[in-house]
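J.: show me the folded form of this:
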Amino acid sequence: MSATYINNRKIILASSSPRRSQLLRESGFWFETAAFDFDETFPDDMHPGLVAAHIATAKCRMAAHLIQEDHILLTADSVVVLGDRIFNKPQNEKDAYRMLATLSGKTHQVFTGVCLKDSEMEISFSGKSSVSFREFTDSEIRWYIDRYQPYDKAGSYAVQEWIGLCKISNIEGTFANIMGLPTDLVYEGLKHFKNAILE
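T.: Residues are numbered from 1 along each chain as shown. Below is the predicted model:
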């Protein structure tokens with residue numbers, strides 16, 4: 001292993017998200033990805049702020065067979081919340097338009113749940129960020145959907161795209177958390193695992 005990595009033990013990222021891979025890579029982590037299909041359901045009466053961590057933990061337990069030697073498994077899930085409503089990935093163009101029109105001019109929360117697991121330990125946690133949008137016009141929403149096709153993104157948007165650059169007026173919390181992985185919390189979480197982080 002190259003000494004340029006911040007972690008001694010390889011992370012197995014059970015996610016096909018290119019954004020999560022990008023964030024881990026840019027944060028200096030040693031990792032590899034493993035594709036895995038997950039059930040992302042959750043109890044109807046669960047508090048919205050707990051959903052992301054619940055799903056991330058369920059994913060981690062489903063993918064536990066991927067853990068080998070001294071590797072650490074990482075799973076994550078992000079949800080967009082406005083009030084008590086959860087905005088998942090849109091089903092189609094109409095659904096994406098509805099979400100963005102509802103979020104327009106309002107402040108919502110992004111929760112990204114993370115679960116870390118090895119053969120001896122499992123921990124989970126969530127990052128929380130607040131995002132304030134400026135008002136969207138009908139034309140802006142339709143242009144964004146047509147240009148960026150945000151059908152694989154919670155809340156129908158990605159913060160690193162046009163919306164993040166031109167239509168966010170304020171952020172509280174980390175940009176990385178909104179993008180899909182609270183890398184600061186991942187780093188702190190890894191410190192709970194023996195010999196995981198360089199000292």
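
J.: surely residue 169 and residue 134 touch.
T.: Yes. Using Cβ atoms under 8 Å, residue 169 makes contact with residue 134 at a distance of 5.2 Å. For the C-beta atoms, the positions are set from N, CA and C on the backbone; glycine is no exception.

J.: got a list of what the residue positioned nearest the centre of the chain touches?
T.: Nearest to the mean C-alpha position of the chain, by Cα atoms, centre = their mean, lies residue 180 at 2.7 Å. Residues in contact with residue 180, defined by Cβ atoms under 8 Å, 6 or more residues apart in numbering, are 17, 19-20, 23, 76, 78, 112.

J.: what two of these have the greatest distance between them?
T.: The distance between the two most remote of those (Cβ to Cβ) is 11.7 Å, for 23 and 78.

J.: who has more neighbours, the two?
T.: The neighbour comparison of residue 23 against residue 78 (other Cβ atoms under 10 Å) goes to residue 78, with 29 against 22.

J.: grab the nearest non-local neighbour of that one.
T.: residue 112 (4.4 Å; Cβ to Cβ, 6 or more residues apart in numbering).

J.: how about the biggest helix by length in the chain: buried residues?
T.: Assignment by DSSP state H gives helix 48-62 as the longest helix of the chain. Across helix 48-62, burial judged by 16 or more other Cβ atoms under 10 Å covers 48-49, 51-60.

J.: give me the residues contacting that helix.
T.: Helix 48-62 is contacted by residues 14, 36, 38-40, 42-43, 46, 73-79, 81, 84-86, 109, 111-117, 122, 124-126, 128 when judged by Cβ under 8 Å, 6+ apart.
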